[in-house]
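J.: Dropping a prediction and its sequence here:
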Amino acid sequence: MNWLSRLRRGLLGLFKRRPIVSAAALFLGGIVFWGGFNWSMEVSNTESFCISCHVMREYVYQEYKTTIHYRNRTGVRASCPDCHVPREWLHKMVRKLQATNELYHWAMGSIYTPTKFAAKRMELAEQVWDSMAATDSRECRNCHDVEFMKPGQQSTTVGKLHELTKEWEMTCIDCHKGIAHTLPKGFNQEAVLDEMHDRMETEKMDCRECHQGMA
């Protein structure tokens, strides 16, 4: 009889002899296990944990510190996990499992130097953008929601563009790439705006809706 079989028989015997004590021990053990698991998830879901990695601390974190998401007039910040880790438990667990691939590349030193990081930057950025587009910019909408914006209090162009996102079924990341990090070398931000402008012309929108003062 192997050790697993002996352990199983022992536990079954204990449950038969002391059912109440065994049930209480099992219940308390479950609480301890769940508490430890939840604690580990929360610890790994902090900015300090994210930048404990050399690559994150020295590269993208330094860029993030120059943006409005890091420091602003009101002091309301969106930190690393706010943008990159879902709040919902199931989606959060999926993201944590996906992060094991990042641990592998950290161990292998895949992007450990500025040159290696720059060479992979476009690929890494596109993975994040695709993920955000697939979830309708879920993490962005934890703080920003077009439905609750007041276009009249925004600039004319910005207000109009936010209204169009609903009509055109666009999502935040379609326009706001590079909002917290430097865009990869070779990415053409102007092409995104040109595409929207071309669509406005195709749909024969009045130019004066954005360009006030036109004759």
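T.: Thanks, I have the structure now.

J.: CA atoms for contacts and neighbours, from now on please.
T.: OK.

J.: Go ahead and flag the most central residue of the protein.
T.: Geometric centre of the chain, nearest residue: His84, 1.8 Å, by CA atoms, centre = their mean.

J.: In contact with that one, which residues?
T.: With contact taken as CA atoms under 8 Å, 6 or more residues apart in numbering, His84 is in contact with Glu139.

J.: pull the longest helix from this protein.
T.: Of all the segments of type helix in the chain, defined by DSSP state H, the longest one is helix 19-43.

J.: In it, which residues are buried?
T.: Ser22 (16 or more other CA atoms under 10 Å).

J.: Beyond that helix, next helix or strand please.
T.: helix 47-50 (DSSP states H and E).

J.: Quick check: next helix or strand after that following helix?
T.: By DSSP H and E, the next helix or strand past helix 47-50 is helix 54-55.

J.: The helix or strand following that following helix: which residues count as buried?
T.: Using DSSP H and E, the helix or strand that follows helix 54-55 in sequence is helix 61-64. Buried residues in helix 61-64, counted by 16+ other CA under 10 Å: Tyr61, Tyr64.

J.: now helix 61-64: how far from the chain's centre is it?
T.: Relative to its parent chain, helix 61-64 has a centroid offset of 15 Å by CA atoms, centre = their mean, to the nearest Å.

J.: what does stretch 96-116 give?
T.: That offset, for stretch 96-116, works out to 17 Å (CA atoms, centre = their mean).
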